[in-house]
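Undergrad: this one's structure only:
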Ligand code: FES
């Protein structure tokens, strides 16, 4: 077996001395790390990323598996992205983390990598970086929290949006609100609904990048540690088989992920992250692929925010294996996975134990599934909506625009009693795209005007160039491309303009002539913040539009695992 790590530990002379001597200062004899597959454990543990705060323990289980299989583990940290605490938005740093991961893997003596992923952006960031190196790699997700229990009801992150509206509206007290906090987040793990973290864990399993059941085992369940141990064992074998990411991440694997995501009602963020991952591994993928491959797929998982249940319920019902078994006739069964087995071999004996949680394709939980890609003069490069989380009566709707130039403008005026708005209006928010904010925050599911909430209005059409939390819901159109800051038509929308949404026919149209749009564009003055230094400057200069995955233009593709200047 030819080991990459041998380029370090197998050297003679001064270099070999240095490489080995400083490993020995950790009390490790040379036979432990020299001549065995050296496996990096890429850890996004951080106490500032509460969803991943248990990852050092999880890493120990991975290490036990690596040792058992005859490998040698080396745990290393990378920047961690906690969705809840980091400002202005974790998405601003996804590409930065991917660079950290890519360079950390390539620069160090590793033969294979275990990626410990959890909170939303940690999964795509680690996968993007790892794809650009393309070593044998396996994902171990951290698992979701146990289902929240609050005053006799099951709750999760999607309820946060309801609690917040109820509190603004005076329906619940501040004390009720605070009581709900502790009841929702009652165990280790990430958000317990089919939000972005769960979507990313499911995507990983559907792509074939994790062992079976990785997506849904709760963080607090001992079987999560067992899976981590088995993944540690398996990565050592993958190194011996030279089973790299590029062998697993074929076009078929990406299509399998799109189909599975439609069936589980995954987050709209799925599109942006999958596009970015495809860009790194060199598989052509476009927004249109998400429509084409998800078109005939119904929603079979009854999970919040599109349905009723939680990730814990999904696991007990059979998890992603049961979902993929049900989707057999749609999937590319021959796509291989990290286990070395094909998708069809891996899931042929999977069983569904609760049809209320995972329905059949023939009697789906909801015939409307997935994410729809919209096109029109307001979004010439596309926009997205999650119909299963929207109001059916608003999927075909025309309304008068109420425009906010940026998020500060929105916050200042949304609850103004004088705001000229009714429930038929369409709320438009500009300059929250990748370049315009910068960082494309999750603000697209705008809270409704207080005066309409008081009237009992629960949903309105909302349009922006930003994103929405995977836990969010409503008739919310996101990722409008090109974004306002990059000269998209969104920039010229004015109060009172008529906008026509037709999700059934996949269109989003601003009812203005091309000539009028052109005239208004000529008069545009950009008001969004332009960064002048540091990482934010780099981001604003190089980030691509949402329809391309919002990666940096200079990070597309990969550089492989070879170290260019290979000497001390
Ligand atoms: Fe980390 Fe939701 S905040 S997954």
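TA: That came through fine. Remember, predicted model here, so these are calculated numbers, not experimental data.
Undergrad: setting aside sequence neighbours, what's the nearest residue to residue 107?
TA: residue 563 (6.8 Å; C-beta to C-beta, 6 or more residues apart in numbering). The way it works is simple: take the backbone N, C-alpha and C, and place the C-beta from them, glycine included.
Undergrad: I should have written residue 464 there, sorry.
TA: The shortest distance from residue 464 to any non-neighbouring residue, by C-beta to C-beta, 6+ apart, is to residue 429 (3.9 Å).
Undergrad: that neighbour touches residue 447, doesn't it?
TA: No: using C-beta atoms under 8 Å, residue 429 is not in contact with residue 447, being 11.3 Å away.
Undergrad: and those two? Which one has more around it.
TA: Neighbour tally, residue 429 and residue 447, criterion other C-beta atoms under 10 Å: the higher count belongs to residue 429, 25 against 18.
Undergrad: list the beta-bridge partners for that one.
TA: Counting by DSSP bridges, residue 429 is bridged to residue 404, residue 464.
Undergrad: wait, what's in contact with it?
TA: If you count contacts by C-beta atoms under 8 Å, 6 or more residues apart in numbering, residue 429 has them with 404, 406, 407, 410, 443, 444, 446, 462, 463, 464, 465, 466.
Undergrad: most neighbours among these, which one?
TA: Most neighbours among those, by other C-beta under 10 Å: residue 465, with 33 neighbours.
Undergrad: from the contacts of residue 429, which is closest to the ligand?
TA: The ligand has its nearest neighbour among those in residue 443, at 15.3 Å by C-beta to the nearest ligand atom.
Undergrad: would you confirm that that closest one contacts residue 432?
TA: Yes: with contact defined as C-beta under 8 Å, residue 443 reaches residue 432; the gap is 5.5 Å.
Undergrad: for the stretch 201-350 of the chain, which residue gets nearest to the ligand?
TA: Nearest residue of the stretch 201-350 of the chain to the ligand (C-beta to the nearest ligand atom) works out as residue 201 at 9.7 Å.
Undergrad: got a list of what residue 383 touches?
TA: So residue 383 contacts 373, 374, 375, 463, 477, 478, 479, 480, 481, 508 (C-beta under 8 Å, 6+ apart).
Undergrad: the first one belongs to a strand?
TA: Yes: secondary structure assignment places residue 373 in a strand (DSSP: H, G, I helix; E, B strand; the rest coil).
Undergrad: count the neighbours of it for me.
TA: By other C-beta under 10 Å, 22 other residues sit near residue 373.
Undergrad: what does the protein put close to the ligand?
TA: 51, 83, 84, 119, 120, 157, 190, 191, 195, 197 (C-beta under 6 Å from any ligand atom).
Undergrad: ok, and the most crowded of those?
TA: residue 197 leads the residues of the chain next to the ligand on contacts (other C-beta under 10 Å) with 34 neighbours.
Undergrad: which members of the residues of the chain next to the ligand occur in helices, if any?
TA: The members of the residues of the chain next to the ligand that map onto helices under DSSP state H are 157, 197.
Undergrad: how deep is the residue in the stretch 401-550 of the chain positioned nearest to the ligand tucked in, by neighbour count?
TA: Closest contact between the stretch 401-550 of the chain and the ligand, by C-beta to the nearest ligand atom, is at residue 471 (6.8 Å). Using other C-beta under 10 Å, residue 471 is surrounded by 27 other residues.
Undergrad: list the residues that contact it.
TA: Under the criterion of C-beta under 8 Å, 6+ apart, the neighbours of residue 471 are 156, 157, 158, 160, 161, 191, 193, 195, 196, 304, 305.
Undergrad: can you check residue 395 too?
TA: When contacts are counted by C-beta under 8 Å, 6+ apart, residue 395 touches 387, 475, 501, 502, 503, 504.
Undergrad: by neighbours, which of those residues wins?
TA: residue 501 (26 neighbours).
Undergrad: three-state assignment of that residue?
TA: strand.
Undergrad: tell me where the stretch 451-568 of the chain has helices.
TA: With helices called from DSSP state H, counting those that start in this stretch, the stretch 451-568 of the chain shows them at 514-522, 534-542.
Undergrad: for the protein, which spans come out with low pLDDT?
TA: Applying pLDDT under 70 to the chain picks out residues 526-529, 567-568.
Undergrad: thank you kindly, that will do.
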